[in-house]
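Participant: curious how this folds, go ahead:
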Amino acid sequence: MKMVKRLSLGICLGLLSLCSTVYAGSGLNMQDGMWEVTSQVKMQGMAIPPMTFSQCITKDNAVPQSHSPGQGDCRVSDMKTIGSTVSWSVVCGEQAGNMKGHGKITYHGDRFEGEMTTEHMGMVMVTEMSGRRTGPCP
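Facilitator: All right, here's what the predicted structure looks like:
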């Protein structure tokens with residue numbers, strides 16, 4: 001009887017492991033194309049008005065990039081995709097005053113939402129982001 005319980009438990013754990021692997025590797029639920037991205041920065045009790053821009057986003061380049069002045073020298077690293085959620089780290093150089101941060105967004109086919117938290121000169125900023133696919137990339 002103990003052997004049957006162990007065998008059953010082993011089979012259940014094996015199936016659970018297989019299901020987890022299939023789910024994690026099922027791919028990002030997003031459509032490549034032009035995306036309208038809206039972001040709003042909040043810091044220490046104040047919010048900057050939302051900014052909206054368009055960008056071509058693909059599964060290979062799934063992190064929205066800010067087009068704000070002074071952020072051209074930012075580097076995205078440690079990008080990870082689990083299911084339909086993409087997380088990353090970002091470091092910006094001298095023009096942005098050595099800003100560091102991390103972000104996470106979740107895609108839902110033709111839309112996403114998420115946030116990025118950055119630290120700049122001792123000030124923490126949270127950028128809330130949302131996006132919607134508007135069509136194919138040019």
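
Participant: centre of the chain versus the helix or strand where residue 36 lies, how much separation?
Facilitator: Following DSSP states H and E, one finds residue 36 within strand 33-43. Chain-centre distance of strand 33-43: 12 Å, with CA atoms, centre = their mean, to the nearest Å.

Participant: and it, which residues are buried?
Facilitator: 35, 37, 39, 40, 41 (16 or more other CB atoms under 10 Å). The way it works is simple: take the backbone N, C-alpha and C, and place the C-beta from them, glycine included.

Participant: which residue ranges form the strands in the chain?
Facilitator: All strands of the chain, identified by DSSP state E, fall at 33-43, 46-47, 51-57, 74-82, 85-92, 100-107, 111-120, 123-135.

Participant: got the angle for the last one vs strand 51-57?
Facilitator: Put simply, strand 123-135 runs at 60 degrees to strand 51-57, going by axes from the mean of the first three to the mean of the last three CA atoms, to 10 degrees.

Participant: ok and strand 123-135 relative to strand 33-43, angle-wise?
Facilitator: 160 degrees.

Participant: residue 76 contacts residue 92, correct?
Facilitator: No: with contact defined as CB atoms under 8 Å, residue 76 does not reach residue 92; the gap is 10.2 Å.

Participant: and these two? which has more neighbours close in?
Facilitator: Shown here are residue 76 and residue 92; by other CB atoms under 10 Å, residue 92 has more neighbours (20 against 13).

Participant: ok, now which ones touch that one?
Facilitator: 71, 73, 74, 75, 98, 99, 100 (CB atoms under 8 Å, 6 or more residues apart in numbering).

Participant: buried subset of these as a PyMOL selection?
Facilitator: In PyMOL, this line selects whichever of the contacts of residue 92 come out buried by 16+ other CB under 10 Å:
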select buried, resi 74+99
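
Participant: report the lowest-confidence entry in the contacts of residue 92.
Facilitator: Minimum pLDDT for the contacts of residue 92 is recorded at residue 71 (53).
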